[in-house]
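> 3D, please:
(4 chains)
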2 protein chains.
Amino acid sequence: MTTRLSDIADEAGVSVMTVSNVMNGKRARVSPATIERVLGIAARLGYVPNIPARSLAANSSHIVAALVPVGENNSLLVSPHTVAVVGGMETHLRHRGYHVLLRGIEHEDQVAQTVRGWSLDGVVLVEFPDEQIDRLRVDTVPLVAIDSYSANPRTIGVRSDDHGGGRLAGERLADAGHRHVLFAGPPYAGLGVVGQRWAGFREACLAAGLDPRRVEAVEVLTSFEDGRRLGLRLRRDHPDVTAVFATADHLAVGIMAGIAESGGSVPGDVSVIGFDDLDFARYTTPGLTTVAQNMPAKVAEASRIVLEEIEGAAGRGSDAGEGAREPVALDVHLVERGSVGPPRE
Amino acid sequence: MTTRLSDIADEAGVSVMTVSNVMNGKRARVSPATIERVLGIAARLGYVPNIPARSLAANSSHIVAALVPVGENNSLLVSPHTVAVVGGMETHLRHRGYHVLLRGIEHEDQVAQTVRGWSLDGVVLVEFPDEQIDRLRVDTVPLVAIDSYSANPRTIGVRSDDHGGGRLAGERLADAGHRHVLFAGPPYAGLGVVGQRWAGFREACLAAGLDPRRVEAVEVLTSFEDGRRLGLRLRRDHPDVTAVFATADHLAVGIMAGIAESGGSVPGDVSVIGFDDLDFARYTTPGLTTVAQNMPAKVAEASRIVLEEIEGAAGRGSDAGEGAREPVALDVHLVERGSVGPPRE
DNA sequence: ATGAAAGCGCTAACAG
DNA sequence: CTGTTAGCGCTTTCAT
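Predicted coordinates:
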């Protein structure tokens, strides 16, 4: 029923190995005439390689897993961010002959288990907290960690220039004349993504001469609802604040909604600036001014790096290799849409 | 290095087969004492089954592929819809011991090839046009097609009640007093998703006594930008229309933006109603009134059905089986948010 | 209740 | 340039 290498070999009158070599592009070892004949027969018979067999024999699967942490039994792939990463990875890898396994990780150990069980060739970690990445001990395959600031040397971080993004936001607000601003983001430990954005933001504000006591920060979860609640109580809880920088567009948009709902206007009463530049940032009224991440570039980099490490490793033994690779930080830029204006009165 | 079945067998003083049986839950064939001993050793040694080896030997992989068509080299997973499906599938399947392979399909033939090459146990087709599904010839594994109205008997459709959704929208607008309405959706052939929504919408409008000539339809691509352009020229091109039903929230939100930009107000001048109830439907001002799909239920159904078919098929031979299964249609309901009001003046 | 033999389809390593 | 020999880790089938 299914065509195997041996079927092609029989028909071409050559050995299975020769066919295998042709199929894998190791054509230096085969004569052009044979190549052509084999390829012809393969095409005619509709040969499709058996991936599990190949993985088993070669102890390598041509699979890169996209690993995403899950809490309990809720779905993953929740954030638009994850989506962009996984979708983009599939596209890049497919063109290079690799495949993407999508897997939710319930417990750290499952990372190593998945690598072994599948003979994975590479891993991309998406949305993993830095502390978890720190603890990871997988040294047989390249591990690319999106948005990670972990110091784990087995891991290659690919992220946006979060510090620079925070700075852009701070400069923009200070330039507009704001003297009392608020940073809104989820609770964080250390200098991860959120910490970087806060540091950059604060730095820019202080550099512009703002009073440190007037560069406040509040902890809010990254959701529209939490943003909305913050927006609703904003003018009561922070009466002097004239501008808010939210670490995520979801949050920023929620804040805008809350402000509007409580009778305030954006940017008339309060200016709002976001981070990400998600699709819906332009759907609001006014549009959301936000720090744009270059997601396609981020994904392309992550994909490029895993592939490079995979193919490089093949040449120099299976270890992740000589001299931990430098993390990559991608540029960000400000997109003006109208949610930032001069301070009120 | 890696623990194999034979390592456990050696240590337990039993055969590999016994260990295999224990691991696969075929415990009826093994004595309780042995089971416990084997399990203990496996846990201590950190045994992780080798998936490729299992797939090769059993000719079945415990993998369900999420297949998504791609045009040229652009990314897949673009729509929030696809995202919800793929993410939800992963969650449901993981809990049942299955895995999700995400794959973009460039050409129809790749569906069958992927099934064979990976020894897939099942397939979920996402965003495939009905004509392509019609042509699919894969009879070894269950094929669940999301949002399909294809008559292909090898395929099981899981979709929302699109006709009913269209009807809800039509009734809502007619009830509000609108007498001249517009349906906006992508070009479609036959009675696919869009065709159903249009049919339901039209039916409801006519039932409410609207003049058939005043139930118009325009073709627009499903994007914010195309919606915006339609919104901008709406009052010029369709001066008498007082309400628009868009087949997708993206489109609806774009239309609202276009109307606002051209100086009109929603719902003051024109009412707008969408379909999907995506997150951002509540981010706009006013919020978008829309027909909500029950995505979690849709995904749960799709997952349940593939699994049921997979495990059912094991018992009755490999064929997709007796009596093509009925398609499933999930309920929809209307979410009021403020973009629908009475007709102007 | 348990085991022995055979083989899934492919590739690594070496021989010619 | 091409072929031979092994064997990846597991499951199937059939015996015991």
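> all contacts plus neighbour counts: C-alpha atoms, from now on.
OK.
> Three-state assignment for residue A:241, please.
Here residue A:241 is coil, with the state taken from DSSP: H, G, I helix; E, B strand; the rest coil.
> which ones are touching it?
Residue A:241 is in contact with A:180-182, A:235, A:270, counting by Cα atoms under 8 Å, 6 or more residues apart in numbering or on different chains.
> what does residue A:12 give?
By Cα under 8 Å, 6+ apart, the neighbours of residue A:12 are A:37-38, A:41.
> filter those to the buried ones?
Among the contacts of residue A:12, those scoring as buried are A:38, A:41 (criterion: 16 or more other Cα atoms under 10 Å in any protein chain shown).
> tell me the one among the contacts of residue A:12 nearest to residue A:125.
When the contacts of residue A:12 are compared for distance to residue A:125 (Cα to Cα), residue A:38 wins out at 39.7 Å.
> got the buried residues for the host helix or strand of that closest one?
Taking DSSP states H and E as the criterion, residue A:38 maps to helix A:32-45. For helix A:32-45, the neighbour count (16+ other Cα under 10 Å) marks A:34-35, A:38-39, A:41-42 as buried.
> redo those residues as JSON lines? Include pLDDT and distance to DNA strand C.
As requested, these are arranged in JSON lines below (pLDDT from 0 to 100; distance: Cα to the nearest atom of the strand, whole Å):
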{"residue": "A:34", "pLDDT": "81", "distance to DNA strand C": "14"}
{"residue": "A:35", "pLDDT": "85", "distance to DNA strand C": "14"}
{"residue": "A:38", "pLDDT": "88", "distance to DNA strand C": "13"}
{"residue": "A:39", "pLDDT": "89", "distance to DNA strand C": "14"}
{"residue": "A:41", "pLDDT": "88", "distance to DNA strand C": "14"}
{"residue": "A:42", "pLDDT": "89", "distance to DNA strand C": "11"}
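> picking that back up, how about TSV for the contacts of residue A:12, with distance to DNA strand D added?
Shown next, in TSV, are these (distance: Cα to the nearest atom of the strand, whole Å):
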residue	distance to DNA strand D
A:37	10
A:38	10
A:41	15
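> which of the contacts of residue A:12 sits closest to residue B:9?
For those, the nearest to residue B:9 is residue A:38 (42.7 Å; Cα to Cα).
> my guess is the closest one meets residue A:22, correct?
Yes: contact criterion Cα atoms under 8 Å: residue A:38 and residue A:22 qualify, at 7.4 Å.
> show me where the stretch 1-150 of chain A has helices.
A:5-12, A:16-23, A:32-45, A:51-58, A:80-94, A:109-118, A:130-135 (DSSP state H, counting those that start in this stretch).
> burial count for residue A:108?
Neighbour count of residue A:108, defined by other Cα atoms under 10 Å in any protein chain shown: 15.
> identify the residue spatially nearest to the closest residue to DNA strand D within the stretch 101-250 of chain A, adjacent ones excluded.
Closest to DNA strand D within the stretch 101-250 of chain A is residue A:117: 8.1 Å, counting by Cα to the nearest atom of the strand. Nearest-residue entry for residue A:117: residue B:50, 4.5 Å, with adjacent residues in sequence omitted and distances by Cα to Cα, 6 or more residues apart in numbering or on different chains.
> surely that neighbour and residue A:118 touch.
Yes: counting by Cα under 8 Å, residue A:118 is a contact partner of residue B:50 at 6.3 Å.
> neighbour-wise, which of these two wins?
More crowded of residue B:50 and residue A:118, by other Cα under 10 Å: residue A:118, with 25 against 19.
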